[in-house]
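# have a look; sequence and predicted model below, questions after that.
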Amino acid sequence: MTGVKVVDASALAALLFAEPEAEAIAQRLEGARLAAPSLLGFELANVCLTKLRRHPAQRDSLRAAFRLAGRLAVETVAVDHAATLDLAEATGLTAYDACYLWLARALGGELVTLDRKLAAATSR
């Protein structure tokens, strides 16, 4: 097993909803211990809701895909909100995105995301 990887909603949504990047994300996550801030479930629910509104005819398949999130072995971890706020302020990220970056740094793990701005902040 490889080390810990902090996975954000953009990466997990790609897997769950069979988006074009799904295979690449699956390869990056394979064998890793997965972690995410506790807001992950809310973010995935929001992604699903957006898809439901755009594609109402796909409701059943979208809801089924969303339910698969519970089968993924992603450990949810509490974050330090004050430190996350400081990081958001320093990087220009939203507080939501900064919590993924903060967690990756706190756990010493790789951040797996499809968000370009968040990915760019990992090197700052």
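Thanks, I have it.
# next, count neighbours for the residue lying closest to Asn46 once chain neighbours are set aside.
If the residues on either side of it in the chain are set aside, Asn46 comes closest to Ala9, at 8.0 Å by C-beta to C-beta, 6 or more residues apart in numbering. Every residue, glycine included, has its C-beta placed from N, CA and C. When neighbours are defined as other C-beta atoms under 10 Å, Ala9 has 26 of them.
# quick check: Ala9 touching Cys48?
No - with contact defined as C-beta atoms under 8 Å, Ala9 does not reach Cys48; the gap is 10.3 Å.
# now what about the top helix by length along the chain, what contacts it?
Identified as the longest helix of the chain according to DSSP state H is helix 40-54. Contacting residues not belonging to helix 40-54 are listed as 8-9, 12-13, 16-17, 58-59, 62-63, 65-66, 69, 74, 76, 96 [C-beta atoms under 8 Å, 6 or more residues apart in numbering].
# pLDDT on it, on average?
The average pLDDT within helix 40-54 is 96.
# in the following helix or strand past that helix, what counts as buried?
Once the chain leaves helix 40-54, the next helix or strand it forms, by DSSP states H and E, is helix 59-67. Neighbour counts over helix 59-67 (16 or more other C-beta atoms under 10 Å) mark 62, 65-66 as buried.
# please apply the same query to stretch 109-119.
For stretch 109-119, by 16+ other C-beta under 10 Å, it's 109-115, 118.
# with stretch 80-96 instead?
Within stretch 80-96, the residues scored as buried using 16+ other C-beta under 10 Å are 84, 87-88, 91, 93, 96.
# hmm, back to that, export the buried residues of stretch 109-119 to a markdown table and tack on pLDDT, secondary structure and distance to Trp102?
Listed next are the buried residues of stretch 109-119 as a markdown table, based on pLDDT from 0 to 100; DSSP: H, G, I helix; E, B strand; the rest coil; distance: C-beta to C-beta, whole Å:
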| residue | pLDDT | secondary structure | distance to Trp102 |
| --- | --- | --- | --- |
| Gly109 | 95 | coil | 12 |
| Glu110 | 95 | strand | 14 |
| Leu111 | 97 | strand | 10 |
| Val112 | 97 | strand | 15 |
| Thr113 | 97 | coil | 13 |
| Leu114 | 97 | coil | 19 |
| Asp115 | 96 | coil | 15 |
| Leu118 | 96 | helix | 11 |
